[in-house]
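# what's the 3D shape of this:
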Amino acid sequence: VQLQASGGGLVQPGGSLRLSCAASGFTLDSYAIAWFRQAPGKQRELVAFIRSNGDTNYADAVKGRCTISRDNAKNTVYLQMNSLRPEDTAVYYCAADPVYFSGSWHSDYWGQGTLVTVSS
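Just a heads-up that it's a prediction; the model follows:
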C-alpha cells in the first residue's frame, strides 16, 4: 500500500506545474486525498483537499491558482498549480484520509514528497 508523489521541479515565478499522487495496493476512489506542503523551518500545511464525492477545499494561499482533481481510472490525484510564487517553494506531500488532531495532520498513507522550487 503506497502513495507516490511526483511532478515537482524548478519553475520560474508565474509558471505552472502539475503534481501527481498515484496509489498502488489500494484504490483511491473511496478515500479523501489531500496535498500538503512543508517549507524549510515551517510546519506542514494543507494545500488542497478532495473528498471521495469530488468536493474540494483549498487553502487561502493557493485559492484561484491551484486545482485538485482525481482520475479514478488512473488511480491518481493531481494538483495543478499555476501562477507560482517563490513562497510556494516547499516539499509537497499527498495523503489519504488525513485527519487533524493534537495540532497536526495525521494519515496512515503519505506519499514520499516532491520538491517544488519557484525561483528565477
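# can you check the pLDDT for the most far-flung residue of the chain relative to its centre?
The C-alpha centroid of the chain is most remote from residue 120, which lies 22.9 Å away (CA atoms, centre = their mean). With respect to pLDDT, residue 120 has a value of 95.
# contacts only, for the nearest residue to it once chain neighbours are set aside.
Distances taken as CB to CB, 6 or more residues apart in numbering put residue 12 closest to residue 120, at 5.4 Å, once the chain neighbours are dropped. All C-beta atoms are positioned from the backbone trio N, CA, C, and that covers glycine. For residue 12, the contacting residues are 84, 118, 119, 120, by CB atoms under 8 Å, 6 or more residues apart in numbering.
# by neighbour count, which of the residues you listed wins?
Neighbours here mean other CB atoms under 10 Å. Within those, the largest count is held by residue 84, at 22 neighbours.
# ok, that one touching residue 17?
Yes. Using CB atoms under 8 Å, residue 84 makes contact with residue 17 at a distance of 6.8 Å.
# any idea of the pLDDT on the residue at minimal distance from the centre of the chain?
When CA atoms, centre = their mean is applied to the chain, the residue found nearest the centroid is residue 35 (2.3 Å). Confidence at residue 35, expressed as pLDDT, is 98.
# cool, residue 45 as well?
94.
# partners of it in the sheet?
Beta-bridge partners for residue 45, by DSSP bridges, are residue 37.
# tell me how many other residues crowd it.
Look at residue 45: counted by other CB under 10 Å, it has 14 neighbours.
# contact partners for it?
36, 37, 38, 59.
# ok, residue 95 next?
Contact analysis of residue 95 by CB under 8 Å, 6+ apart lists 3, 33, 34, 36, 105, 107, 109, 110, 111.
# what about 6 Å?
Neighbour list for residue 95: 34, 107, 110 [criterion: CB atoms under 6 Å, 6 or more residues apart in numbering].
# and what of residue 74?
Counting by CB under 6 Å, 6+ apart, residue 74 makes contact with nothing.
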